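Q: After the sequence you'll find the predicted model.
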Amino acid sequence: MTTLGELMREPSASGRFGEYGGRFVPESLVPACEELDRAFRSAWSDPSFRSELDHLLRSYGGRPTPVTECRRLSERLGVRLLLKREDLNHTGSHKLNNVIGQALLARRMGKRRLVAETGAGQHGVATATAAALFGMECDVYMGAVDVERQELNVFRMELLGASVHPVQSGSRTLKDAINEALRNWVATVETTHYCIGSVMGPHPYPYIVRELQRVVGDEARRQCREILKSDPDIVVACVGGGSNAAGTFAGFVDSGARLVGVEAAGGAAVQHGVPGIVHGMRSKFLQDEDGQILEAESISAGLDYPGIGPEHAQLADAGRAEYMEANDDEVLAAFRLLAETEGIIPALEPAHGLAWIVREAGKSIPKGSAVLLTLSGRGDKDVALVRERSR
Ligand SMILES: *Cc1c(COP(=O)(O)O)cnc(C)c1O
């Protein structure tokens, strides 16, 4: 049994977070995963790597992002609501924290090409951005269905110099794009780094991505102490694969704060998933009776992953974090509420977190509580969809 003090540290040597995680990959990828593990550990303990990353996140990405206290919405809800503003990052979300770190790591390993998967296109755009910044080649795998749904992001990636490859296998969505990206990595591993988009995949990826996103939680903890003179009572983040939540929770796991991840009702892998091995890791996935992976479905494409990062499965089992759901209607209402009361149009993904806060304020969130929500991204990408849904 995992004790609380052991949570969100290093995984075991085989990449386990309790009974989850691990490395389930073809023989030919084992050396690449081992090389990546060594390279990351050496980079992460190298002050010159850390200071170059820090400099880029500041001078290019716009860090540190502020914590904003919501005066009007707080009054409306009867709680003290604070937002960690990852929406203010370059490219509009927390994803840049991860891709800048992985691109730096790729360069350190002498790799000149990045391959990535993308669902809605946000991670693809972020990876293409980092590739342009470092002068690297970039190939993005994207389900053919998503390519059609997300034309504008495909064009963005092309503007940034990346090649987008529509994936025709399976359901032609994110989970198939991940398989295809992994396949391409197997064939090109000498020259290529696979830049994975969340806290998932084979060891060491879930660990690397959490560490690259912990800047969100570490900054927020300091900022909350300045504003509140204490830690928040509750820390909330939305969960797709779980990277913004993992980065946020990493900063607060040793505090007294209640940690809450909010999934899309149509993709709630913690609530409705069962353990399985997919995409190189053991975690919880939405599966049918035959063990086939189900399609996740929600209004926000960024939460459409039918699984969850292995560390979240561990945090849930250990009872350190709770995982809740929000449905599309609640999310649309929360999206509008934040726009109208605070002048901030959020991405639909973190609007899930807000929807849960709105539902629970005065119930499981006692009146007067200080609540921190990671606003993982801005809503520009979602405005057209919300308009359509409102007609
Ligand atoms: C991609 C994305 C998410 C979901 O990814 P996680 O790995 O769960 O953080 C959440 N919010 C925004 C704005 C995104 O772009």
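A: All right, it came through fine. Everything numeric here is computed off the predicted structure, so don't read it as measured data.
Q: So Ala301 sits against Ala120, correct?
A: Yes: with contact defined as CB atoms under 8 Å, Ala301 reaches Ala120; the gap is 3.3 Å. For glycine as for every other residue, the C-beta is placed from the backbone atoms N, C-alpha and C.
Q: Mind listing the shared neighbours of these two?
A: Listed as contacting both Ala301 and Ala120 by CB atoms under 8 Å, 6 or more residues apart in numbering are 146, 149-150.
Q: which parts of the stretch 251-391 of the chain sit against the ligand?
A: 302-303, 347, 349-350, 376-377 (CB under 6 Å from any ligand atom).
Q: Quick check: strands, which of the residues you listed are part of them?
A: Per DSSP state E, strands hold no members of those.
Q: and the helix or strand hosting Asp146, what other elements does it pack with?
A: For Asp146, the host element (DSSP states H and E) is helix 144-149. Helix 144-149 sits against strand 163-167, with contacts defined as 3 or more CB pairs under 8 Å, 6 or more residues apart in numbering; DSSP states H and E.
Q: go again using 10 Å as the cut-off
A: The contact analysis (3 or more CB pairs under 10 Å, 6 or more residues apart in numbering; DSSP states H and E) places helix 144-149 against strand 137-143, helix 151-159, strand 163-167, helix 174-188.
Q: what does it contact?
A: Contacts with helix 144-149, where a contact means CB atoms under 10 Å, 6 or more residues apart in numbering, come from 118-121, 124, 140, 142-143, 153-154, 164-169, 171-174, 176-177, 301, 304, 385.
Q: swap in stretch 42-50?
A: With CB under 10 Å, 6+ apart as the test, stretch 42-50 has contacts from 39-40, 52-53, 101, 104-105, 108-109, 207-208, 211-212.
Q: Just give me the closest of these to the ligand.
A: Leu212 (11.4 Å; CB to the nearest ligand atom).
Q: What pLDDT is listed against that closest one?
A: As predicted, Leu212 sits at a pLDDT of 98.
Q: Could I get the contacting residues of it?
A: Going by CB under 10 Å, 6+ apart, Leu212 touches 40, 44, 53, 57, 94, 97-102, 104-105, 199, 243, 246-247.
Q: Nearest spatial neighbour of it, chain-adjacent residues omitted?
A: Gly101 (3.8 Å; CB to CB, 6 or more residues apart in numbering).
Q: and the one you found, how many neighbours?
A: Counted with other CB atoms under 10 Å, the neighbours of Gly101 add up to 26.
Q: Kindly confirm my reading that it forms part of a helix.
A: Yes: according to DSSP: H, G, I helix; E, B strand; the rest coil, Gly101 belongs to a helix.
Q: So it is in contact with Val209, correct?
A: Yes: Gly101 is within contact range of Val209, at 8.5 Å (criterion: CB atoms under 10 Å).
Q: Which neighbours do those two have in common?
A: Common neighbours of Gly101 and Val209 (criterion: CB under 10 Å, 6+ apart): Cys195.
Q: Please report how far the closest residue to the ligand within the stretch 51-200 of the chain lies from Glu117.
A: Residue of the stretch 51-200 of the chain nearest the ligand, by CB to the nearest ligand atom: Ser198 (3.4 Å). Using CB to CB, to the nearest Å, Ser198 is found at 10 Å from Glu117.
Q: overlap in contacts of those two?
A: With contacts taken as CB under 10 Å, 6+ apart, the residues that reach both Ser198 and Glu117 are 123, 178.
Q: Buried residues, stretch 329-339. List them.
A: Residues of stretch 329-339 classed as buried: 330-332, 334-335, 337-339 (neighbour count, 16 or more other CB atoms under 10 Å).
Q: what are the ranges of the strands in this structure?
A: Under the criterion DSSP E, the chain contains strands at 16-17, 20-21, 67-70, 80-85, 113-118, 137-143, 163-167, 192-194, 234-238, 258-264, 274-278, 281-285, 321-326, 370-375.
Q: mind giving me JSON lines with these and columns for mean pLDDT and mean neighbour count?
A: Shown next, in JSON lines, are those (pLDDT from 0 to 100; neighbours: other CB atoms under 10 Å):
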{"stretch": "strand 16-17", "mean pLDDT": "98", "mean neighbour count": "24"}
{"stretch": "strand 20-21", "mean pLDDT": "98", "mean neighbour count": "27"}
{"stretch": "strand 67-70", "mean pLDDT": "98", "mean neighbour count": "19"}
{"stretch": "strand 80-85", "mean pLDDT": "98", "mean neighbour count": "25"}
{"stretch": "strand 113-118", "mean pLDDT": "98", "mean neighbour count": "26"}
{"stretch": "strand 137-143", "mean pLDDT": "97", "mean neighbour count": "24"}
{"stretch": "strand 163-167", "mean pLDDT": "98", "mean neighbour count": "18"}
{"stretch": "strand 192-194", "mean pLDDT": "98", "mean neighbour count": "25"}
{"stretch": "strand 234-238", "mean pLDDT": "98", "mean neighbour count": "29"}
{"stretch": "strand 258-264", "mean pLDDT": "97", "mean neighbour count": "25"}
{"stretch": "strand 274-278", "mean pLDDT": "95", "mean neighbour count": "14"}
{"stretch": "strand 281-285", "mean pLDDT": "96", "mean neighbour count": "26"}
{"stretch": "strand 321-326", "mean pLDDT": "97", "mean neighbour count": "22"}
{"stretch": "strand 370-375", "mean pLDDT": "99", "mean neighbour count": "27"}
